[in-house]
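S.K.: The following comprises the amino acid sequence and a computationally predicted model.
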Amino acid sequence: MSRVGGWATRLVRAAADARRYLPEPVRRAVTRVKDRLPRVLVERAMGREVHVGTLQVHTLPTVRDAPVRLFVGPANFAGQGYLWARAVESELGTVAAVSFAPERPGTFDFPVDLAVPELTYLDDFEWHARALDYVRSHFTHVLFEAARPLFGRTHNLNFLTESKLLTRAGLRVAVIAHGTDVRLPSRHANDPDSPFRNGIIPETPLLEDRAARNVARIAAFSGPVFVSTPDLLLDLPDATWCPVVVDVERWRTTRPPMLSEVPVVVHAPSKSAVKGSNLVEEALRGLVAEGAVEYRRIEGMSAAEMTQIYTEADIVLDQFRLGSYGVAACEAMAAGRVVVGHVDDQVRDHVRAAGHGEIPIVQARGRQIEEVVRAIIADPDAARAKAADGERFVRAVHDGAVSAATLRSFLQEGPQ
């Protein structure tokens with residue numbers, strides 16, 4: 001093994017074990033250094049087989065001729081980059097859009113127009129050069145997602161540097177924040193139910209570092225700034241809310257909720273600590289013991305599998321720690337289920353002030369879940385009415401039309 005390889009192996013393995021034996025400041029420093037190493041070196045140091053893609057494998061999509069051509073990436077969390085791209089194409093008419101994201105092992109594959117292996121995205125400098133040329137020569141606008149760079153390590157993983165490069169090339173650029181990329185744990189921890197208190201999420205200091213860095217970079221960014229959920233306006237007060245998008249027809253079901261003798265309650269956490277799964281299961285213990293509900297905790301299911309799960313559900317318990325709502329809650333509402341979650345007044349007020357009415361998510365903090373679920377069971381007619389309100393709300397706010405309208409002013413700006 002080379003001297004560099006041996007050093008990398010020791011560092012990477014130390015970082016992997018750091019959580020168990022290093023003091024917090026040292027752990028964070030080691031992790032930061034590891035994160036700056038080429039991903040290929042990291043994977044090989046851990047004894048994993050790696051394959052870096054070649055340019056021949058990754059055909060760049062043809063861009064439809066249109067006055068406005070938008071490139072969106074590189075996050076595509078929950079398929080949002082792809083859905084925003086489709087929304088501006090279908091709603092604005094004069095826009096052609098391409099979404100981009102690296103393929104991340106161990107995650108679900110959401111639709112995307114351009115995907116390359118994560119190692120190619122991070123460390124293939126020939127790919128970076130080709131992708132940069134593709135974006136500069138084929139597009140008029142770029143929407144950076146989650147303050148992440150499009151071209152890997154070429155510009156030190158700094159989207160701000162890339163944005164200036166693209167602006168000098170005549171493109172219009174904007175950035176949209178998704179969530180943990182800018183949500184400051186130090187701010188959010190003021191909420192008594194925050195997952196960033198009491199060591200619930202061990203990675204909180206690293207999340208704080210990343211969010212603070214991204215917020216600072218976005219503050220230095222001169223283009224339009226958007227957020228995908230209204231709660232993020234507390235971290236980026238000058239941003240504009242651009243709603244998440246769901247395919248409402250894909251999630252639509254025909255079975256009304258609350259018709260079975262024993263209602264089915266579903267909780268499908270993407271991250272249990274963030275969603276407050278421990279609060280859910282503690283609250284439902286008595287209801288399950290009484291036979292008042294059938295509880296199903298769902299994890300690791302694809303979107304296709306979730307459509308069937310929601311068909312069988314009556315009540316969906318979303319999240320009880322973040323104080324907002326996102327793609328998962330919108331999917332459940334689109335399926336016509338009664339959705340329960342903790343949504344802060346700030347979020348509800350912003351949606352109402354934007355002209356979209358009340359968010360039809362039944363309000364409950366963790367300590368109120370049992371009481372709220374019992375009330376839903378006791379009045380199934382009111383519950384079905386709330387579920388119908390949810391369907392209408394998602395169609396009105398989250399089918400892509402509002403998102404496209406929000407992005408319209410940015411996309412109407414001509415090339416620089």
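M.R.: Perfect, I can see it now.
S.K.: show me where pLDDT drops low in this structure?
M.R.: In the predicted model of the chain, residues 1-58, 106-108, 414-416 satisfy pLDDT under 70.
S.K.: Got phi/psi on the residue nearest to the spatial centre of it?
M.R.: The centre of the chain sits closest to Phe77, judged by Cα atoms, centre = their mean, with a distance of 4.2 Å. Note on Phe77: its backbone torsions stand at phi -60, psi 130 [degrees, to the nearest 10].
S.K.: Run through the residues that contact it.
M.R.: Glu145, Ala146, His178, Gly179 (Cβ atoms under 8 Å, 6 or more residues apart in numbering). In short, each C-beta sits where N, CA and C put it, glycine included.
S.K.: Present these as TSV; the columns should include secondary structure.
M.R.: Below are these laid out as TSV (DSSP: H, G, I helix; E, B strand; the rest coil):
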residue	secondary structure
Glu145	strand
Ala146	coil
His178	coil
Gly179	coil
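S.K.: Excluding chain neighbours, what is closest to Leu287?
M.R.: Leaving out its chain neighbours, the residue that sits closest to Leu287 by Cβ to Cβ, 6 or more residues apart in numbering is Val293, at 4.7 Å.
S.K.: Please read the previous query as pertaining to Gly357.
M.R.: Phe393 (7.1 Å).
S.K.: Considering the contacts of Phe77, which possesses the most neighbours?
M.R.: In terms of neighbours by other Cβ atoms under 10 Å, the contacts of Phe77 top out with Glu145 at 26 neighbours.
S.K.: Is that residue bridged to anything, and to what?
M.R.: Here Glu145 sits in beta bridges with Ile176, going by DSSP bridges.
S.K.: contacting residues around it?
M.R.: Going by Cβ under 8 Å, 6+ apart, the list of residues near Glu145 reads Val72, Gly73, Pro74, Ala75, Asn76, Phe77, Gln80, Gly81, Val175, Ile176, His178.
S.K.: Next one: it from Leu92, what distance?
M.R.: In this view, Glu145 and Leu92 are 19 Å apart by Cβ to Cβ, to the nearest Å.
S.K.: Check Arg337 too.
M.R.: Per Cβ to Cβ, Arg337 is found 31 Å from Leu92.
S.K.: Compare those two and say which one has the larger neighbour count.
M.R.: Arg337 (30 against 18).
S.K.: pretty sure the more buried one is in contact with Tyr310, am I right?
M.R.: Yes - between Arg337 and Tyr310 there is a contact under Cβ atoms under 8 Å: 5.8 Å.
S.K.: which neighbours do the two share?
M.R.: Common contacts of Arg337 and Tyr310, defined by Cβ under 8 Å, 6+ apart, comprise Val266, Val316.
S.K.: Break down the stretch 251-400 of the chain into its strands, ranges please.
M.R.: Under the criterion DSSP state E, counting those that start in this stretch, strands of the stretch 251-400 of the chain are mapped to 264-267, 294-297, 315-317, 338-341, 362-363.
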